[in-house]
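Asks: how does the following fold in three dimensions:
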Amino acid sequence: MITLRLRSDDVSRIRFAFSPVWETVTSVRALSNSAPSSVHGPWLRKVRPLLATHDLSLLKALIPPTSYIPDFITPAPPRRSTSFESGLAAIAATPLSLVAAELTQLHESTPNPLLPELIADPAKALDRITSALDAYWRLAIEPDWRRMRALLQDDLAFRLEELAGGGMGRVLRNLHPSVRFCGDRIEIDRPYCCDGEPLPGQGLLLVPCVFTWPAALPVTGAPHVPTITYPPRGLGRLWESQEDVSESPLAELVGKTRAAIVGHLDLPMSTTHLAHQLSVSAPTLSVHLSILRNSGIVDSRRDGRTVLYSRTSLGNQLLAASRPAALAS
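Replies: Coordinates of the predicted model:
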């Protein structure tokens with residue numbers, strides 16, 4: 001059991017964020033632990049051939065299938081959404097003494113013959129680690145990052161609605177089955193205890209992360225910001241293939257392009273993302289989205305500088321109603 005004690009100023013500083021670096025790191029563990037029949041099966045079947053000739057020995061030494069992962073390779077995002085490059089820069093800026101200490105802790109808990117060399121030269125270790133993460137990201141995560149990001153944004157929108165409707169207590173109680181909110185503390189049901197105590201007054205960071213499924217993973221030791229990583233809602237939708245509705249009754253009703261838009265919005269997407277998926281120009285897509293929104297079939301909300309579109313309940317009903325006829329034709 002892991003316990004995080006919250007002071008009043010910690011509760012007032014609870015925030016959400018997501019990070020492509022966190023996804024990259026936790027996906028290495030998913031490669032070791034996930035079966036082809038698991039929720040990440042489609043991703044595994046796609047990336048394992050790509051990684052067959054790629055040397056993952058360093059990353060697998062850093063990120064063992066179970067137990068401790070050095071906290072410095074999952075830096076706390078300073079904003080709700082950050083780029084992979086900024087996360088990699090945060091890793092590269094880790095104090096060398098902290099790198100050596102956390103790699104030593106890793107070697108004590110999960111010995112690996114690659115680790116002593118990294119511990120002996122933490123500056124060189126940082127160069128090797130960031131290079132390995134960058135190469136792996138480009139092969140395994142970046143091609144799907146837009147879709148992952150849409151799912152994570154959707155989860156954060158839901159959590160903010162929960163916050164508005166029931167406060168932080170409601171958010172924490174519904175975060176993950178292993179996480180319990182007990183007023184002045186959070187208890188995380190994990191088969192180990194934390195070695196270090198977080199510094200007071202840092203608040204709490206909550207990070208939805210695709211590849212932590214099915215567990216919730218905590219970061220608790222100083223000097224890191226106390227963090228709980230949890231699987232986002234709707235994870236089962238992530239690797240589903242978009243439905244072909246080009247010959248469906250929905251296409252006859254609204255046209256093939258608009259039907260394709262409705263079919264692709266199983267996750268919230270921006271105009272740029274949709275245009276890339278459908279090979280349609282952004283101005284043309286905007287016209288179609290405006291018509292669908294005015295008809296109540298799609299809805300939109302702003303996320304920072306981006307406008308995200310999603311299907312409404314009417315859009316879901318129209319899509320579902322067209323499926324039996326489409327399959328029978």
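Asks: buried residues in stretch 49-64?
Replies: For stretch 49-64, burial by neighbour count (16 or more other CB atoms under 10 Å) applies to 56, 58, 59, 60, 61, 62, 63, 64. All C-beta atoms are positioned from the backbone trio N, CA, C, and that covers glycine.
Asks: give me the distance between the two termini of that stretch.
Replies: 21 Å (CA to CA, to the nearest Å).
Asks: how far is it from where the chain is centred?
Replies: 20 Å (CA atoms, centre = their mean, to the nearest Å).
Asks: what ranges do the helices span in this structure?
Replies: When assigned using DSSP state H, the helices of the chain occupy the ranges 8-11, 20-33, 41-51, 57-62, 84-92, 96-109, 115-120, 122-136, 145-173, 249-254, 256-264, 271-278, 282-294, 313-328.
Asks: of those, which is nearest residue 224?
Replies: helix 96-109 (9.2 Å; CB to CB).
Asks: what residues sit buried inside that closest one?
Replies: 99, 100, 101, 102, 103, 105, 106, 107.
Asks: again, but for stretch 161-170
Replies: Quick answer for stretch 161-170 (16+ other CB under 10 Å): 162, 163, 168.
Asks: let's have those in TSV, adding distance to residue 14 and pLDDT.
Replies: Formatted as TSV, the buried residues of stretch 161-170 follow (distance: CB to CB, whole Å; pLDDT from 0 to 100):
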residue	distance to residue 14	pLDDT
162	12	82
163	9	80
168	6	75
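Asks: of the residues you listed, which is the nearest to residue 260?
Replies: residue 162 (32.1 Å).
Asks: the closest one contacts residue 172, correct?
Replies: No: if you go by CB atoms under 8 Å, residue 162 and residue 172 don't touch, sitting 9.6 Å apart.
Asks: about what we covered before: so which of the helices of the chain gets nearest residue 307?
Replies: From these, taking CB to CB, the stretch that ends up closest is helix 271-278, at 6.9 Å.
Asks: what's the nearest residue to the residue nearest the centre of the chain if we skip its chain neighbours?
Replies: Nearest residue to the geometric centre of the chain (CA atoms, centre = their mean): residue 209, 3.1 Å. Nearest residue to residue 209, sequence neighbours excluded (CB to CB, 6 or more residues apart in numbering): residue 229, at 4.6 Å.
Asks: does the one you found have any beta-bridge partners, and if so which?
Replies: residue 207, residue 217 (DSSP bridges).
Asks: next: residue 16.
Replies: residue 206.
Asks: could you measure it against residue 172, distance?
Replies: 12 Å (CB to CB, to the nearest Å).
Asks: likewise residue 146?
Replies: 29 Å.
Asks: what of residue 203?
Replies: 13 Å.
Asks: and if you look at residue 311?
Replies: With CB to CB as the criterion, residue 311 and residue 172 are 29 Å apart.
Asks: next up, the contacts around residue 274.
Replies: Residue 274 sits next to 261, 264, 265, 280, 285, 289, 309 when contact means CB atoms under 8 Å, 6 or more residues apart in numbering.
Asks: how does it look with 6 Å?
Replies: residue 285 (CB atoms under 6 Å, 6 or more residues apart in numbering).
Asks: same question for residue 32.
Replies: Each residue near residue 32 by CB under 6 Å, 6+ apart is listed here: residue 65.
Asks: redo that, cut-off 7 Å
Replies: 60, 65 (CB atoms under 7 Å, 6 or more residues apart in numbering).
Asks: pLDDT score for residue 143?
Replies: pLDDT, residue 143: 91.
Asks: counting neighbours, what do you get for it?
Replies: 13 (other CB atoms under 10 Å).
Asks: distance of it from residue 47?
Replies: From residue 143 to residue 47 the distance is 9 Å (CB to CB).
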